[in-house]
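[1] just coords:
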């Protein structure tokens, strides 16, 4: 059964999309790092551990496993494991591609075809934390595959695309769309020539689906982007999406 994009209930700091004894699914706010980094800013793992500790009056350290990542400026659905067994099984689901991830993105221009499959080879420069498209066979390069289709009609020179990730490479969506001439709105790293400083990147984790690590039932996390520019050009279309 498909699920509409909708929010459920919230802690004071972030929205909880799903929770049981094994899993915690949340809506990651934009510009929050997933785990502690050099910035020293509050990160998802620390915030959620503190929240669990407080809500359940847990003494001592709280376990929470990181299963997948979102870039710091990206918001949307994320799942965390509350036990090491759940973390191990979810990690295996990611490796075996049983973990489905769908994103919404606003891009500059209009893709050459309304729906398609992008395949590139990406190489990450750890020193600069940037990723580039390189020829197949380049040492260290990894294959990156995504499928997409344009949702609704273009507006103000922008298009809304729904993206199904077939692989999960760092900065994958941002790099692949930039390489094809339609960089993401607000992406200062891979679209600096068309974006203004301070613009928020329009990339959102709209859906994560996977078999529950214990019950094996399909778990679906859905999350809608904020109703503000540039997303608000497609409020109706986003509300009609199903996963």
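    Received the coordinates, thanks. Not measured: the values here are computed from a predicted model. Numbering: from 1, shown residues only.
[2] going by C-alpha atoms from here, please, whenever you check contacts or count neighbours.
    Will do.
[3] in the protein, where's the longest strand?
    Longest strand in the chain by number of residues (criterion: DSSP state E): strand 142-155.
[4] any idea of the mean pLDDT for it?
    Confidence over strand 142-155, taken as the mean pLDDT, stands at 95.
[5] which residues of the protein fall in strands?
    For the chain, the strands identified by DSSP E occupy 9-10, 15-19, 23-28, 65-66, 75-81, 100-108, 115-125, 130-134, 142-155, 158-165, 203-211, 218-222, in order along the chain.
[6] for the second one, name the packing helices and strands.
    Counting contacts by 3 or more C-alpha pairs under 8 Å, 6 or more residues apart in numbering; DSSP states H and E, strand 15-19 is packed against strand 9-10, strand 23-28, strand 218-222.
[7] what comes up buried for that strand?
    In terms of neighbour count (16 or more other C-alpha atoms under 10 Å), strand 15-19 has its buried residues at 15, 16, 17, 18.
[8] residue 226: which of the residues you listed is nearest?
    Each of the buried residues of strand 15-19 was scored against residue 226 by C-alpha to C-alpha, and residue 15 proved nearest at 12.6 Å.
[9] how deep is residue 50 tucked in, by neighbour count?
    Here the neighbour count serves as a burial measure; for residue 50 (other C-alpha atoms under 10 Å) it reads 14.
[10] got the buried residues for stretch 22-35?
    Of the residues in stretch 22-35, those buried under the neighbour-count criterion (16+ other C-alpha under 10 Å) are 22-30, 32-35.
[11] quick check: the two most widely separated of these?
    The most distant members of the buried residues of stretch 22-35, if one measures by C-alpha to C-alpha, are 22 and 30, lying 25.0 Å apart.
[12] picking that back up, including mean pLDDT, could the helices and strands packed on strand 15-19 go into JSON lines?
    Formatted as JSON lines, these follow (pLDDT from 0 to 100):
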{"stretch": "strand 9-10", "mean pLDDT": "44"}
{"stretch": "strand 23-28", "mean pLDDT": "96"}
{"stretch": "strand 218-222", "mean pLDDT": "97"}
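[13] let me have the ones you listed in JSON lines, extended by distance to residue 100.
    As requested, the helices and strands packed on strand 15-19 are exported to JSON lines (distance: least, C-alpha to C-alpha, whole Å):
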{"stretch": "strand 9-10", "distance to residue 100": "23"}
{"stretch": "strand 23-28", "distance to residue 100": "14"}
{"stretch": "strand 218-222", "distance to residue 100": "9"}
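[14] which of these sits closest to residue 194?
    With C-alpha to C-alpha, the closest approach to residue 194 among the helices and strands packed on strand 15-19 belongs to strand 23-28: 26.2 Å.
[15] just name the most buried of the strands of the chain.
    For these, average neighbour numbers computed from mean count of other C-alpha atoms under 10 Å are highest in strand 75-81, which has a mean of 26.
[16] list the neighbouring strands of that one plus their orientation.
    Strand 75-81 has these partner strands in its sheet, going by DSSP bridges: strand 23-28 (antiparallel), strand 65-66 (antiparallel), strand 203-211 (parallel).
[17] average pLDDT for stretch 70-80?
    Mean pLDDT, taken over the full extent of stretch 70-80, equals 95.
[18] nope, stretch 171-189 is what I meant
    96.
[19] again, but for stretch 225-236
    Mean pLDDT, stretch 225-236: 95.
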